[in-house]
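Novice: Give the three-dimensional model of this entry:
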Amino acid sequence: MGSGRSLGLALAGWLEAGSPGLDNGVALGNRLVDVLGAEQSLAGPVRDLARRPLLRQALAGSGTARRAALAALVV
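Specialist: Below is the predicted model of the structure:
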């Protein structure tokens, strides 16, 4: 399984379970880096992405708010 898939599955599980700390960029980044395991070359970019308010807004939001945050992240 690829790193992106592992990260996505872990994040989906956390969101579904309502895990605390997903609104904190540092905590989210650390959790995602833990999922990466030996793939440390991605640690910096993953931590940077986790600290972006738009990502956390997309994770917490729904509907139009989520779509707007995701669209802004793509740019």
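Novice: Pretty sure L55 sits against V74.
Specialist: No: with contact taken as Cβ atoms under 8 Å, L55 and V74 are classed as non-touching, separated by 11.4 Å. Backbone N, C-alpha and C define where each C-beta goes, glycine included.
Novice: okay, those two: which has more neighbours?
Specialist: L55 (19 against 6; other Cβ atoms under 10 Å).
Novice: Just the pLDDT at the more buried one, thanks.
Specialist: What the model reports for L55 is a pLDDT of 88.
Novice: Next up, the contacts around it.
Specialist: With Cβ atoms under 8 Å, 6 or more residues apart in numbering as the criterion, the residues that contact L55 are L49, A69, L73.
Novice: That one sits in which helix or strand?
Specialist: Per DSSP states H and E, L55 falls inside helix 53-60.
Novice: Give the buried residues for that helix.
Specialist: Within helix 53-60, the residues that count as buried by 16 or more other Cβ atoms under 10 Å are L54, L55, R56, Q57, A58, L59.
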